[in-house]
Each structure stands twice: as structure tokens, then as C-alpha cells.
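Colleague: Fold the following.
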Amino acid sequence: MQGAIDAGHQVEKIFLRDKVIHPCIGCDVCSSQKKPCPQNDDAAEVIRKMLEAEVIVMGTPVYFYSMSAQMKTLIDRCCGPYTEMKNKEFYFIATAAEDDEKIMDRIVTSFSGFLDCLENPAVRGTVFCGGVWHAGEIKGNAALQKAYEMGKNIK
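Modeller: Residues are numbered from 1 along each chain as shown. Down below sits the predicted model:
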């Protein structure tokens with residue numbers, strides 16, 4: 001985020017943990033009827049910001065070798081408006097307690113399932129930071145510099 005700011009971009013960080021986003025209930029209102037989701041939560045606000053953004057960075061902690069439930073729930077709630085999400089650039093960031101970089105392959109594969117449904121998405125970079133579990137353990141990790149440089153190089 002700081003790299004993108006230093007490069008002159010406008011950025012906003014959204015913590016899904018601070019949002020109330022209910023699971024998709026499969027009512028089909030958003031996709032077949034093209035109406036707003038009837039659920040009264042924060043999903044519409046977050047998705048609107050995704051639709052407005054040119055670049056989307058999706059960051060998640062890794063729990064049991066997969067993205068967080070909050071991230072998956074947000075992706076599932078894109079069911080109706082995903083057809084409007086066109087020509088977006090994506091970056092994926094993941095942290096995990098385990099230090100095996102192959103974990104990132106699983107995360108990227110999961111995110112790719114979402115991107116496969118979008119029109120002309122582009123994955124511009126990924127950052128994996130393993131060996132971090134508790135608060136503060138990421139301090140000084142080389143992945144932070146990699147993330148900064150990717151942000152700085154966003155065009």
C-alpha cells in the first residue's frame with residue numbers, strides 16, 4: 001500500500017474483519033433479476049469499491065492451506081455484479097504460519113477461480129510471507145519490501 005501511495009496512487013485499505021458480510025443465500029435476486037442483494041450488510045459497499053477500482057489487491061491470512069472465510073464470503077457475494085468487474089489488475093498477498101512457498105500456489109489457484117469468471121482480469125503480482133503467525137512476526141521480513149516494490153511499480 002505504501003509503495004502505491006509513494007507512486008502517487010489513491011488507495012484504500014479495507015479490512016474484511018471490520019465488515020459485516022453475510023454468506024450468499026443463493027436467492028438469485030442479484031444474478032437473474034439484476035437487483036441489489038436483499039441482504040443488509042457491508043458487501044454492497046465493498047463490491048462497489050472493487051468495481052470502481054482499477055487495481056485490486058486481495059490479501060488474506062492462510063488458514064488450513066486456504067484463504068480466510070471472510071475473503072471467500074466476499075468473493076461469493078460478487079455473484080451478481082461480477083459481470084461488471086472488467087479489465088481489473090489484481091495482486092494477491094498471503095501470510096501463513098508455515099514457511100512453504102507452495103502454499104501460495106493453492107491461494108492463487110483459489111483466487112483464479114474467481115478471476116476465471118471475470119472479463120479480462122490480469123494478475124500483476126503475488127507476495128507470500130510464510131513463517132508469520134503471531135502479531136509482529138512479519139517485521140523485517142523480505143516479503144514486505146517485495147510488496148512495497150510491487151506497489152511502487154503499479155502504473
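Colleague: Next one: Lys19 from Met67, what distance?
Modeller: Distance, Lys19 to Met67, using CB to CB, to the nearest Å: 16 Å. Bear in mind the C-beta positions are built from the backbone N, C-alpha and C, glycine included.
Colleague: Looking at these two, which is more packed in?
Modeller: More neighbours surround Met67 than the other of Lys19 and Met67, with 22 against 15 (other CB atoms under 10 Å).
Colleague: The more buried one contacts Thr95, correct?
Modeller: No. Under the contact definition of CB atoms under 8 Å, Met67 does not touch Thr95, with a separation of 11.2 Å.
Colleague: overlap in contacts of the two?
Modeller: Listed contacts common to Met67 and Thr95 are Thr60; contacts here mean CB atoms under 8 Å, 6 or more residues apart in numbering.
Colleague: ok, for Arg124, nearest residue in space, not its chain neighbours?
Modeller: The shortest distance from Arg124 to any non-neighbouring residue, by CB to CB, 6 or more residues apart in numbering, is to Glu89 (4.9 Å).
Colleague: Run through the residues that contact the one you found.
Modeller: For Glu89, the contacting residues are 54-56, 121-122, 124, 154, by CB under 8 Å, 6+ apart.
Colleague: beta partners for it?
Modeller: Counting by DSSP bridges, Glu89 is bridged to Val55, Ala122.
Colleague: quick one: pLDDT of it?
Modeller: Glu89 carries a pLDDT value of 97.
Colleague: And Gly113, how close does it get to Arg48?
Modeller: Applying CB to CB, one obtains 22 Å for the distance of Gly113 from Arg48.
Colleague: cool, Ser112 as well?
Modeller: Using CB to CB, one gets 23 Å for the distance from Ser112 to Arg48.
Colleague: Those two - which one has more neighbours?
Modeller: With neighbours defined as other CB under 10 Å, Ser112 and Arg48 compare such that Ser112 has more, 14 against 11.
Colleague: For the more buried one, which non-adjacent residue is spatially closest?
Modeller: That would be Val123: by CB to CB, 6+ apart, it lies 7.8 Å from Ser112.
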